[in-house]
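Novice: Just the structure for this:
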Amino acid sequence: MRKITLIGVIILFVSINLYTANHFMVSFTGNYMRSSDSVYRQVYGSSEFYPEFKAGVKVFNNFYIWGGFGFLSSKGHTFPELNLDTKASKKYLSGGLGYSGKGKITFRIEAGFLHVTWKEEAMDIKNNGSAFGFRIGGGIVYNWNPTFFTEISSAYLIASDTVDDISLKLGGFIAGVGVGIRF
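Specialist: Got it, this is the predicted structure:
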């Protein structure tokens, strides 16, 4: 089923106005994420490096469809009483609709869906899961030329899961700097 969905998405991207210049976009952004879960921040720190790869295709005027993948991996320690090593990882798959202005210096806004897979290892106990959520963000884009751009961006990711009646907030605020190309 995943292969059929992936093939359908690829055909959609390729078939939409293939002959226009600067119709596709790819970017890489180095973000820092501040988790929305206060307990997670106590164990793993207040912010984490969150690299993200995005791709998009223009569908109408300045509107585009985008998809992204980001991840983070952390090591921490349980509360001071125990001081045991912990490990956690999260993978974020997102996609949605965006709008980008025109000009040398411009803006962009995006909204979409999010799927998070996570796992954590603490006190010899392994937990994992996944959750769906939402993402909203934007940024300021500097277009060096029609092909190359840099950006300063931020977004908020909203997702949660439950383990043994404990609610986990898997999202948070991200902010970063990125580079990209259009072709």
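
Novice: okay, CA-based contacts and neighbour counts for the rest of this
Specialist: Fine.

Novice: Please spell out the segments of this structure that come in under the pLDDT threshold.
Specialist: Low-confidence segments of the chain (pLDDT under 70): 1-4, 6-21, 80.

Novice: just the strands in it please.
Specialist: 24-35, 48-60, 63-77, 85-100, 105-122, 125-143, 148-163, 166-169, 172-182 (DSSP state E).

Novice: Quickly compare those strands and say which is most buried.
Specialist: Highest mean neighbour count among the strands of the chain (mean count of other C-alpha atoms under 10 Å): strand 24-35, with a mean of 20.

Novice: chain center to that strand, what's the gap?
Specialist: Here strand 24-35 is found 7 Å from its chain centre; the criterion is C-alpha atoms, centre = their mean, to the nearest Å.

Novice: show me what contacts the residue lying closest to residue 167 once chain neighbours are set aside?
Specialist: In space, and not counting its chain neighbours, residue 167 is closest to residue 161: 5.9 Å by C-alpha to C-alpha, 6 or more residues apart in numbering. Residues near residue 161 by C-alpha atoms under 8 Å, 6 or more residues apart in numbering: 129-131, 167-170.

Novice: close enough to count as contact, residue 116 and residue 134?
Specialist: No - if you go by C-alpha atoms under 8 Å, residue 116 and residue 134 don't touch, sitting 10.2 Å apart.
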